[in-house]
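1. The sequence isn't on hand, but the structure is:
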């Protein structure tokens, strides 16, 4: 995991904006062959952020960024990319309501934004997304991809390879904890039947089944209070659990508190970052976390919108990374106050 140099307070946006412009300039230079550096700079100055007249992007989050640290990372990335490229972000959240997400997308079609950026945590709004695509509005996916049925309705996807990282988490768990046949491993998730949980849990199970056991899935919802209650109740009734593998940010940031409430203390290893997870790693209560790097999931699709509408550059799928685990050895990289909202 790279080392992050400390930022000057209040300077994140200006420094990141300058760095991102430098990266864009290098990228354009790489595409321009023998074009001079001055011509490349002129291309950026005269095009990116000004060429297309319609610069409104409807950016939809499934969970509320004001209440969820991970989704705040996503929105921060989107806002930074919009600021850099001269796009206007219209951000709205479904607050975990599938019907509301469908309504938000349907309402956006009538407004004709330059693009729609949306996660596909549930397939219930795929039809609305495909209607937007049919109306000529590019649909960019992030965080969770659409099902195969709706895959042709999106122009790109930015997110983590959930199953691969699930296997990394599972292997790290068995490397550090003595788990045998029939042992209980709790795998709580906001919504166990959604693709992120199915794939992450599947990756963990790929490792556990070799030892003769598997995940016990538990629905927590995306509400912190409900997640704490659900895990506390389960742990109180299952004191012989050997480990907890939270499959989402909500159960992960409440796992230590649930153990304390239930009088249980077993290893925790999971997904996503938050202040509670950072504290848990520092204290040793949490072994590690796989950070899917939400900032990238917000920043990259919005950047791709600008590249598409200004330069005609085709959108591309992108693995947002997060294959390296955050552990006690490197968690200090996330402690800089200027990285709040970006890395935790």
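-> Received the coordinates, thanks. The model shown is predicted, which means the values in this text are computed figures rather than measured ones.

2. Tell me where this protein is predicted with low confidence.
-> Applying pLDDT under 70 to the chain flags residues 1-46.

3. From residue 121, how far out is the residue nearest the centre of it?
-> For the chain, the residue nearest the mean C-alpha position is residue 294 (3.5 Å; CA atoms, centre = their mean). Counting by CB to CB, to the nearest Å, the gap from residue 294 to residue 121 is 13 Å. Backbone N, C-alpha and C define where each C-beta goes, glycine included.

4. joint contacts of the two?
-> With contacts defined as CB atoms under 8 Å, 6 or more residues apart in numbering, the residues shared by residue 294 and residue 121 are residue 143.

5. circling back to that earlier point, for the residue nearest to the centre of the chain, what are phi and psi?
-> Backbone torsions of residue 294, given as degrees, to the nearest 10, read phi -60, psi -30.

6. Give the full set of residues in contact with the residue nearest to it when sequence neighbours are not counted.
-> Spatial nearest neighbour of residue 294, excluding adjacent residues (CB to CB, 6 or more residues apart in numbering): residue 73 at 3.5 Å. Neighbour list for residue 73: 293, 294, 295, 298, 341, 342, 343, 344 [criterion: CB under 8 Å, 6+ apart].

7. where along the stretch 1-150 of the chain do the helices fall?
-> Counting by DSSP state H, counting those that start in this stretch, the stretch 1-150 of the chain has helices at residues 12-31, 37-46, 69-85, 98-111, 126-134.

8. follow-up on the earlier one: was I right to think the residue nearest to the centre of the chain contacts residue 71?
-> Yes: using CB atoms under 8 Å, residue 294 makes contact with residue 71 at a distance of 7.0 Å.

9. Which residues are in contact with residue 119?
-> Applying CB under 8 Å, 6+ apart, we find residue 119 in contact with 60, 61, 62, 141, 142, 143, 144.

10. and the gap between the fifth one and residue 246?
-> Note on residue 142: its distance to residue 246, by CB to CB, is 21 Å.

11. again with the last one
-> As judged by CB to CB, residue 144 and residue 246 stand 17 Å apart.

12. now the third one
-> Noted for residue 62: a distance of 18 Å to residue 246, by CB to CB.

13. of the two, who's got more company?
-> More crowded of residue 62 and residue 246, by other CB atoms under 10 Å: residue 246, with 31 against 27.

14. just how off-centre is stretch 173-189 within its chain?
-> Its chain's average C-alpha position is 25 Å from that of stretch 173-189, according to CA atoms, centre = their mean, to the nearest Å.

15. Quick check: end-to-end length of it?
-> End-to-end distance of stretch 173-189 (CA to CA, to the nearest Å): 17 Å.

16. In that stretch, which residues are buried?
-> 173, 174, 179, 183, 184, 185, 186, 187, 188, 189 (16 or more other CB atoms under 10 Å).

17. Count the residues that sit near residue 337.
-> Applying other CB under 10 Å, we find 10 residues neighbouring residue 337.

18. Got phi/psi on it?
-> Main-chain torsions, residue 337, degrees, to the nearest 10: phi -60, psi -30.

19. likewise residue 231?
-> phi -70, psi -40.

20. in this protein, which spans are strands?
-> For the chain, the strands defined by DSSP state E cover 56-61, 88-93, 115-119, 139-142, 156-159, 185-189, 215-219, 243-244, 268-271, 286-290, 318-319, 325-326.
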